[in-house]
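Novice: Got a sequence here, can you build the structure:
(chains A and B)
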Amino acid sequence: MDKQQTSLNDTLSYIHSELNRVQTIAGTLSTSESKHYKELTDMGDDRLNQIANEEQNAARQLGEVKQICINLVQKVEDIKNQYKQQESPDR
Amino acid sequence: MFKFVSNFMRSMVNETVDKAIERLARDQYTENLFEMMPVSKKVNPINLIELVMRSRKGQPPGRPLGTHMRFSPWDKLLFNPVHLYRFPTPEDVGISTAVTIGKRARNPLTISIPIMIAGMSYGGALSKKAKIALAQAATRIGTATNTGEAGLMEEEREAADLLIGQYNRGGWLNTPDKYMQLDAIEIQLGQGAQGSTPQRTPAKNIGREYHEVFEIPKGEDALIHSRLPGVDTKEQFISLVRKLKEETGVPVGLKIAATHHLEKELQIALEAEVDFITVDGAEGGTHAAAPILEDDVGLPTMYAVSRAARFLSRKGATGDVSLIATGGLVTPGDYLKALALGADAVYIGTTAVMALVGDQMTRAMPFEPPTDLVVYQAKMTDKLDLERGATSLFNYLNASSREMELVCYTLGKTSVSDVNREDLCCLDPFLARAIGVELAFISPEEQSEYFEGLPEMAHEQVNRQPESYTQHPLH
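Specialist: Numbers count the residues shown, from 1 in each chain, chains lettered A, B, ... in the order given. Coordinates of the predicted model:
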């Protein structure tokens, strides 16, 4: 039983750290997309302006990815805490 | 040649205007065409033509797109920029626009902007092309679209990454094979433009595909009942919500027409443990409804949002139960003000349709209204360029989101969700008091002192009026 719980804890910690990584990557990409938006709008071309709009939106959606990661990290934390609470009365 | 035609036209116009002015000046006023000017001002041109429609057909005219009245005084609210007291957000910081609807649900709905496409049904209102274009635009921007009171159209489901379905009073989406395919379920008990009034689409206006999507036998009308079939008691509503939550795991919410009974309605929604609440204000649009339903029924969106948000706060449900505002929200400023008053997201309907039509309106105008391009089985329905429409709406949503972000910079906020009542000031004392926003006339420190005297002032005003009326020299 203990072994199983340790394994679950490890898995949850792994998911937690990976989610933090995804969050960081999304943030970096979002910054990069915002930069592209600015550069493309400097060209003054209608088609490039349309692509710039898509880039601006991509930056925003990467922001959403960050938000999702934060929500998921919270859920993982909740699960970890639940398990901790379940463990403690026995001990 | 051109000069000759131009001179001829000028003299024609000159002669016509001269004759018209001469007649207006000469004819007795009671027989004068100019009579139409004061009459149309008295009755107003909209009421004038609608009374003509009533007198011609003997039936209520179905006015498209809701009331023309702006009940909610959004222009009485302004955002408060910051400089030193709190610093503005640096320009290299991204503003978060993502919002999660139904946080308590097993599968909450996260959208990348707080603007969603309102429920506008296929067949009952829009064409298939228009519905797909709305879904495509929503998917590209990362938000959700809504089925409206319809069946589940396969093409819409495919085009929409996030689809909210209305569990509706027609019963067309109310079976597990359909609602299990949705990303959120909105139980539709009413709408701002029509309250909970029944509606009917006559069989003659129902085409082949409409029959298929709605599963209505040929020759039968499409009926939206005033009550949701199977829900005649509060307990039945509560068990429906619980059943849908249990079966699907997606956010399950309630949509109602905003009403002065709002808090009583919301209390039952909370007892049912809904994940979100949609309040559709009196300014809400619709495909077509009797003018009395659009102009004289409901509660304005601003008051509805403010009251609903405060109610949720009093009940400790803020955050757990998402609040969606809709009804007559037209500008990005309106959207952000609704969020500041406590909404988590907004739905846009009329505005989304107009943005979708965009510059394609030249195809219909000047001889047909632009909405002819998007309405089910209208004269110009086939002329809509779907891709172009989706891009126009995508651009509109992108621009609107950007405008909201720009305000966040000057408010010193990093997320649209962080914008609240304290970021607003109000230009009307009674409104300020009612919605809990500080009055712009005076400093924050003087607010209590100012309002302490206000009830007496209002009382005096009310009491004085009849007296001054009777003492008027003419009476």
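Novice: where are the low-confidence patches of chain A?
Specialist: By pLDDT under 70, the weakly predicted segments of chain A are A:1, A:89-91.
Novice: and it, which of its residues are near chain B?
Specialist: A:30-31, A:34, A:50, A:53-54, A:56-57, A:59-61, A:63-64, A:66-68, A:71 (Cβ under 8 Å from any Cβ of the partner chain). Every residue, glycine included, has its C-beta placed from N, CA and C.
Novice: End to end on stretch B:107-125, go ahead and measure it.
Specialist: End-to-end distance of stretch B:107-125: 30 Å, with Cα to Cα, to the nearest Å as the criterion.
Novice: how close does residue B:134 sit to residue B:290?
Specialist: 26 Å (Cβ to Cβ, to the nearest Å).
Novice: So which of those two has more stuff around it?
Specialist: Using other Cβ atoms under 10 Å in any protein chain shown as the criterion, residue B:134 and residue B:290 rank with residue B:134 on top: 28 against 19.
Novice: so that one touches residue B:349, yeah?
Specialist: No - using Cβ atoms under 8 Å, residue B:134 makes no contact with residue B:349, being 9.8 Å away.
Novice: dump the residue contacts of the most centrally placed residue in chain B.
Specialist: Chain B has residue B:327 as the residue nearest its centroid, 2.2 Å off, counting by Cα atoms, centre = their mean. Residues counted as contacts of residue B:327 (Cβ atoms under 8 Å, 6 or more residues apart in numbering or on different chains) are B:66, B:192, B:258, B:279-285, B:300-301, B:304.
Novice: Residue numbers of chain B in contact with chain A?
Specialist: Residues of chain B lying near chain A (Cβ under 8 Å from any Cβ): B:92, B:94-98, B:100, B:103, B:108, B:110-113, B:140-142, B:391, B:394-395, B:398, B:401-402.
Novice: hmm, which of those are the buried ones?
Specialist: B:94-98, B:100, B:103, B:108, B:110-113, B:140-142, B:391, B:394-395, B:398, B:401-402 (16 or more other Cβ atoms under 10 Å in any protein chain shown).
Novice: Quick check: helices, which of those are part of them?
Specialist: B:140-141, B:391, B:394-395, B:398, B:401-402 (DSSP state H).
Novice: closest to residue B:23 among the residues you listed?
Specialist: Nearest to residue B:23, judged by Cβ to Cβ, of those is residue B:395 at 49.3 Å.
Novice: any idea how far that closest one lies from residue B:135?
Specialist: On the measure of Cβ to Cβ, residue B:395 and residue B:135 end up 16 Å apart.
Novice: Now residue A:20. Nearest residue, chain neighbours left out?
Specialist: residue A:73 (6.8 Å; Cβ to Cβ, 6 or more residues apart in numbering or on different chains).
Novice: how about that neighbour, what does it touch?
Specialist: By Cβ under 8 Å, 6+ apart, the contact list for residue A:73 reads A:16, A:19-20, A:23.
Novice: and it, that one's in a helix?
Specialist: Yes - counting by DSSP: H, G, I helix; E, B strand; the rest coil, residue A:73 is part of a helix.
Novice: Okay, it and chain B: tell me how far apart.
Specialist: Note on residue A:73: its distance to chain B, by Cβ to the nearest Cβ, to the nearest Å, is 13 Å.
Novice: how much space is there between that residue and residue B:155?
Specialist: According to Cβ to Cβ, residue A:73 stands 36 Å off from residue B:155.
Novice: For residue B:165, which three-state class applies?
Specialist: Classified using three-state DSSP, residue B:165 is strand.
Novice: Please look at it and residue B:180 and confirm they touch.
Specialist: No - look at residue B:165 against residue B:180 with Cβ under 8 Å: they stay out of range, at 10.0 Å.
Novice: between the two, which one's more packed in?
Specialist: Just comparing residue B:165 and residue B:180: by other Cβ under 10 Å the higher neighbour count belongs to residue B:165, 29 against 15.
Novice: Look at the more buried one and report its pLDDT.
Specialist: Turning to residue B:165, the model gives it a pLDDT of 97.
Novice: mind listing what the closest residue to chain A within the stretch 251-400 of chain B touches?
Specialist: Nearest residue of the stretch 251-400 of chain B to chain A: residue B:398, at 5.0 Å (Cβ to the nearest Cβ). Under the criterion of Cβ under 8 Å, 6+ apart, the neighbours of residue B:398 are A:53, A:56-57, B:141.
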